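# Quick one, structure for this:
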Amino acid sequence: LAIKSAQIISSSINLSRHLVNLPPNKLTPLHFVEFAKELTWGKNTKIEAWDVKRLKKEKMNLHLSVGQGSDNAPYLLHIKYARKGNSKSIAFVGKGITFDTGGLDIKPASGMRLMKKDMGGAATLLGLAQYITKQEWSVDFDFYLALAENSINGNAFRPSDIIESRAGYKVEIDNTDAEGRLVLADALDLATKGKSNLEYVIDVATL
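Below you'll find the model as predicted:
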């Protein structure tokens, strides 16, 4: 039993490390989703990915604004572990910016070099989800991974833009390099709204 547990832990840690080290052209938001779906998941687990169409339907406008300047579309990845009889749940929300140029408030070259690692929060939670869903727990777990590439094109969001969040707040953009709090805001609203049995919410991000 101890050996099996150690194997699950080590493989989950190495999975997160592998993702963080992948080059950004090999780990776009879509690549991340495809990678997650190809993993072997334990019982009582469901995985769902929201594309741009679904994000619009769910009014995830902050998340969409961060990703709209990239040819690589944003996604929200939801992994749910739920076992019959559990009465409480814990939610995790992860920042998954697969590359961060800083948007129109562009980073200098020295600050952009390792921005492939800006999805470290989502990578950590994918590894954690792999660990959790291969065992039996007395609480349910939800993992929300907010995936986007913060890039620049003619459609990129701008400083001074005002965008309505999923929660209904109007947010004025000051600096487009503060994209992490935007994707997390919509994902946190999704993770918490209408969840009466939710005990804890934990966010993981490279902020």
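
# Tell me the buried residues in the longest helix anywhere in the chain?
Longest helix of the chain, by residue count under DSSP state H: helix 2-21. Within helix 2-21, the residues scored as buried using 16 or more other CB atoms under 10 Å are I8, S12, L15, S16, L19, V20. For the C-beta atoms, the positions are set from N, CA and C on the backbone; glycine is no exception.

# so the first one makes contact with Q135?
It stands for I8. Yes. Between I8 and Q135 there is a contact under CB atoms under 8 Å: 7.4 Å.

# wait, T206 sits on G120?
Yes. Proximity of T206 to G120 meets the contact threshold set by CB under 8 Å, at 4.7 Å.

# Could I get the contacting residues of N197?
Neighbouring residues of N197 by CB atoms under 8 Å, 6 or more residues apart in numbering: S87, K88, S89, D140.

# Least confident of the buried residues of helix 2-21?
pLDDT across the buried residues of helix 2-21 is lowest for I8, at 90.

# which stretches of this protein form helices?
Per DSSP H, the chain carries helices over the ranges 2-21, 29-38, 52-57, 61-67, 109-112, 120-132, 179-192.

# in the third one, what's buried?
Applying a neighbour-count criterion of 16+ other CB under 10 Å, one finds L55 buried in helix 52-57.

# starting at the chain centroid, how far to it?
Between the centre of helix 52-57 and the centre of its chain there are 15 Å (CA atoms, centre = their mean, to the nearest Å).

# For R181, give its distance to H63.
11 Å (CB to CB, to the nearest Å).

# Let me fix that, I meant to ask about D203.
D203 sits at a distance of 14 Å from H63 (criterion: CB to CB).

# neighbour count winner among those two?
H63 (30 against 20; other CB atoms under 10 Å).

# Which pLDDT value goes with that one?
Listed pLDDT for H63 reads 99.

# what's around S89, how many residues?
Counted with other CB under 10 Å, S89 comes out at 20.

# ok, now I79?
I79: 25 neighbours (other CB under 10 Å).

# show me what contacts the nearest residue to L207 once chain neighbours are set aside?
Computed as CB to CB, 6 or more residues apart in numbering, the closest residue to L207 that is not its neighbour in sequence is G180, at 5.1 Å. Each residue near G180 by CB under 8 Å, 6+ apart is listed here: K95, I97, D118, A205, T206, L207.
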